[in-house]
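Peer 1: just a sequence and a predicted model for now, questions to come.
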Amino acid sequence: MGNWRTVRIVGSMSRRDVVRLWDLLDHDAPGSWGKPWACLSFSRLHPGLCSLGRWPAEQMDRTGNLAERDYSVQEVAEALQALVEIAGSMLLKVHCGGEYESDQCVATISAGEGVVVTGKPEIENIGEIPVAQLHGHLIKNLYG
């Protein structure tokens, strides 16, 4: 099991930056795992059932677990700092749940215009991972 952190990402970015992040965050690519944004990465081929999945979009409101266990809020902020330097149009709020998949929001990270700020929770609960998202990940894993 382990200490997974669930986050909710709400925001927008340009189509160009969406495609750039799809390539950058796909941890199926060789050598991608050790990058500073690894906690926000995803597997295009085999997404975890509760993962964020391929989250970058022009408009997004996505809830899911980070790519691996034991990531802190600070590590999510550091990942976002690396990403805002690559995807300049990114304007996001990342609501971070507590330890062990708690849906209670413990911090909200605002990212955009080259700046990342970690602040107090702006929402009480981040909500559940949508069932349709879980089903989509299951189908992807079963049928490719």
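Peer 2: Looks like it came in fine. All of these numbers come straight from a predicted model, not from anything done at the bench.
Peer 1: since we're on the nearest residue to residue 85 once chain neighbours are set aside, how many residues are nearby?
Peer 2: In this structure, residue 85 finds its nearest non-sequential neighbour in residue 114, 6.8 Å apart by Cβ to Cβ, 6 or more residues apart in numbering. All C-beta atoms are positioned from the backbone trio N, CA, C, and that covers glycine. Residue 114: 10 surrounding residues under other Cβ atoms under 10 Å.
Peer 1: so who does residue 114 touch?
Peer 2: 84, 85, 88 (Cβ atoms under 8 Å, 6 or more residues apart in numbering).
Peer 1: do that again at 10 Å, thanks
Peer 2: The contact partners of residue 114, taken as Cβ atoms under 10 Å, 6 or more residues apart in numbering, are 81, 84, 85, 88, 90.
Peer 1: I'd like the distance between it and residue 84.
Peer 2: When Cβ to Cβ, to the nearest Å is applied, the distance between residue 114 and residue 84 equals 6 Å.
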